[in-house]
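>>> Turn this into a structure:
(one chain, ligands or ions: 1)
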Amino acid sequence: MRIREAVHQVIDSPITQVGRWKNDASPDLPLIDVSQAAPTYPPARELRYHIAAQAQSPATATYTDQQGVPELRVALARALTADYDAPVGVEHVAVTAGCNQAFCLAMMALTEPGDEVLLPLPSYFNHDMWLRSQDVEPVYLEPGPDMVPDPAEAAAAITDRTRAIVLVTPNNPTGAVYPPALIESFFELARERGLVLVIDETYREFREHSGPPHTLFARPDWSDTLIHLYSFSKAYCMAGYRIGFMATNPALLRETLKIADCVALCPSHIGQLAATFCLEHLDAWKREYRRTVRDRVAYATRRLREANTGFDVVSSGGYFVYLRHPFSDRSSVDVGRSLAEDHGILCLAGSMFGPGQDRYLRLAFANVDLPAIDDLVARLELLGRE
Ligand SMILES: Cc1ncc(COP(=O)(O)O)c(C=O)c1O
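Down below sits the predicted model:
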């Protein structure tokens, strides 16, 4: 079969590649899996019971409205209004089959082949993969000292083909949380230059500070520029339920629904009922889970900084620690593979997050407890002495 060239050129998902490393991992050591940011931590017990009961009703096996069940959209608008301290109307909200789908729908509706989208480095690989598959060119922005992008650099990179700027905060892979003022600057830049600002806030709950991550929703004209993306996968440990959403301009939502209609018709009905239950009943559970993840990331950051491993923490937050490895003559893939094969540590290579990232590794703390973190540090110390 003749495959579309742009799709053929896209890399295989790094998660698939790392799955192969897992198979080759040292059988002599228990595997420390800090590769995927997907929780295997169970969703709340009440949620599981609720879904089991809901599944008894044949009505939950039907399609829903393309933009999602009304109760969930109302709950989402209410949650945004509360969390960002600014009114967001239900007409601005559409539920999607995961946050990734929201990104793909929005970009497909907004870009033409040959367009450019600004992606700060390091960048979330699925954003890069999708844009490339659509013949849209990612234009990378170099990270500053704290792994945050610079609006001035973004301004200089804009051409007449640029359509959007994409921010992920807290960031995957670095964990860096962009300050509200920086997000404001990017919004201003996008607005002035007639671009769209996409902000993927999948890891929003895992910031150190609660309170609104930014003030953009308070602007009367926010939806002319902003596309806010969110995922239920991480905060509620329900990745397989495939629920995310986007908040933006109703006119853009209407266009994305044409695509969504062809791709999936609607997000999973039962998944949407689960997400509604989360918003209505699981605040306390979410706070507890968020504390667990934040404690792990803080503990790993402290232990790695104190230990003499040769691996330096360059940034941490969200689910992640971004490490600089000590081997200047080796690629991050090579280092990652040998960490798996020889030391039973499964992580992602920096180069999976874009060019110039070969000195880095990403560790994700969705699924490792504190003793496993001690073990991880001990293995890296051992490696440093080899
Ligand atoms: C930044 C970011 N956005 C989106 C996703 C995927 O979210 P979903 O499972 O809702 O598609 C991930 C998953 O790792 C992610 O890191």
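
>>> roughly how far apart are the residue of the stretch 151-300 of the chain found nearest the ligand and A307?
For the stretch 151-300 of the chain and the ligand, the shortest gap (CB to the nearest ligand atom) falls at S231, measuring 3.1 Å. For the C-beta atoms, the positions are set from N, CA and C on the backbone; glycine is no exception. To A307, S231 is 32 Å away according to CB to CB, to the nearest Å.

>>> which of these two has more neighbours?
Between S231 and A307, counted using other CB atoms under 10 Å, S231 has the larger neighbour count: 24 against 16.

>>> The nearest residue to the more buried one once chain neighbours are set aside: how many residues sit nearby?
Spatial nearest neighbour of S231, chain neighbours left out: C99 (3.5 Å); criterion: CB to CB, 6 or more residues apart in numbering. The number of residues packed near C99 is 23, by other CB under 10 Å.

>>> G240 too?
12.

>>> Same check on M147?
Look at M147: counted by other CB under 10 Å, it has 21 neighbours.

>>> A strand includes it, no?
No - going by DSSP: H, G, I helix; E, B strand; the rest coil, the assignment for M147 is coil, not a strand.

>>> which residues touch it?
122, 171, 174, 176, 314-315, 322 (CB atoms under 8 Å, 6 or more residues apart in numbering).

>>> and those, which of them are in strands?
Among the contacts of M147, the members falling in strands (DSSP state E) are 314-315, 322.

>>> Any residues of the stretch 201-350 of the chain in contact with the ligand? List them.
Taking CB under 6 Å from any ligand atom, the part of the stretch 201-350 of the chain that reaches the ligand is made up of 202, 231, 233, 239, 244.

>>> close to the ligand, is stretch 158-172?
Yes - shown here: stretch 158-172 in contact with the ligand (CB under 6 Å from any ligand atom) through 168, 172.

>>> In that stretch, which residues are buried?
158, 162-172 (16 or more other CB atoms under 10 Å).

>>> can you give me the mean pLDDT across it?
Throughout stretch 158-172, pLDDT has a mean value of 98.

>>> Endpoints of that stretch, how far apart?
Chord length of stretch 158-172, first to last residue, is 23 Å (CA to CA, to the nearest Å).

>>> swap in stretch 171-179?
End residues of stretch 171-179 are separated by 12 Å (CA to CA).

>>> Determine the longest helix present in the protein.
Ranked by residue count and defined by DSSP state H, the top helix of the chain is helix 283-306.

>>> and that helix, what does it pack onto?
Identification of packing neighbours for helix 283-306 by 3 or more CB pairs under 8 Å, 6 or more residues apart in numbering; DSSP states H and E yields strand 312-317, strand 320-324, helix 370-385.

>>> how about it as PDB, C-alpha atoms only?
Provided in PDB are the C-alpha atoms of helix 283-306 (Å, rounded to 0.1, in the frame of the first residue of the first chain):
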ATOM      1  CA  ASP A 283     -12.400  16.400  44.900                       C
ATOM      2  CA  ALA A 284     -11.000  15.000  48.100                       C
ATOM      3  CA  TRP A 285      -9.800  11.800  46.400                       C
ATOM      4  CA  LYS A 286      -8.100  13.900  43.700                       C
ATOM      5  CA  ARG A 287      -6.400  16.100  46.400                       C
ATOM      6  CA  GLU A 288      -5.000  13.000  48.100                       C
ATOM      7  CA  TYR A 289      -3.700  11.400  44.900                       C
ATOM      8  CA  ARG A 290      -2.100  14.700  43.900                       C
ATOM      9  CA  ARG A 291      -0.400  14.800  47.300                       C
ATOM     10  CA  THR A 292       1.000  11.300  46.600                       C
ATOM     11  CA  VAL A 293       2.400  12.200  43.300                       C
ATOM     12  CA  ARG A 294       3.800  15.600  44.400                       C
ATOM     13  CA  ASP A 295       5.500  13.900  47.400                       C
ATOM     14  CA  ARG A 296       7.100  11.400  45.100                       C
ATOM     15  CA  VAL A 297       8.400  14.000  42.700                       C
ATOM     16  CA  ALA A 298       9.700  16.200  45.600                       C
ATOM     17  CA  TYR A 299      11.300  13.200  47.300                       C
ATOM     18  CA  ALA A 300      12.900  12.000  44.000                       C
ATOM     19  CA  THR A 301      14.200  15.600  43.300                       C
ATOM     20  CA  ARG A 302      15.700  15.900  46.800                       C
ATOM     21  CA  ARG A 303      17.300  12.500  46.800                       C
ATOM     22  CA  LEU A 304      18.700  12.900  43.300                       C
ATOM     23  CA  ARG A 305      20.100  16.300  44.200                       C
ATOM     24  CA  GLU A 306      21.700  15.100  47.400                       C
END
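
>>> so what's L105 up against?
Taking CB under 8 Å, 6+ apart, we find L105 in contact with 96, 246, 256, 259-260, 263.

>>> For it, which non-adjacent residue is spatially closest?
For L105, the closest residue by CB to CB, 6+ apart turns out to be T256, at 4.1 Å.

>>> Now the one you found: phi and psi?
Backbone torsions for T256, taken as degrees, to the nearest 10, come to phi -70, psi -30.

>>> Around it, how many other residues sit close by?
Residues within reach of T256, counting by other CB under 10 Å, total 25.

>>> which residues does it contact?
Counting by CB under 8 Å, 6+ apart, T256 has contacts 94, 105-106, 108-109, 246.

>>> Tell me the confidence at it?
At T256, the predicted lDDT confidence score is 97.

>>> now do H127
Looking at H127, the pLDDT reads 98.

>>> okay, and for this protein, where does confidence drop off?
Along the chain, the model assigns pLDDT under 70 to no residue.

>>> tell me the SS of the most centrally placed residue in it?
For the chain, T202 is the residue whose C-alpha lies nearest the centre (CA atoms, centre = their mean; 4.9 Å). Three-state call for T202 (three-state DSSP): coil.
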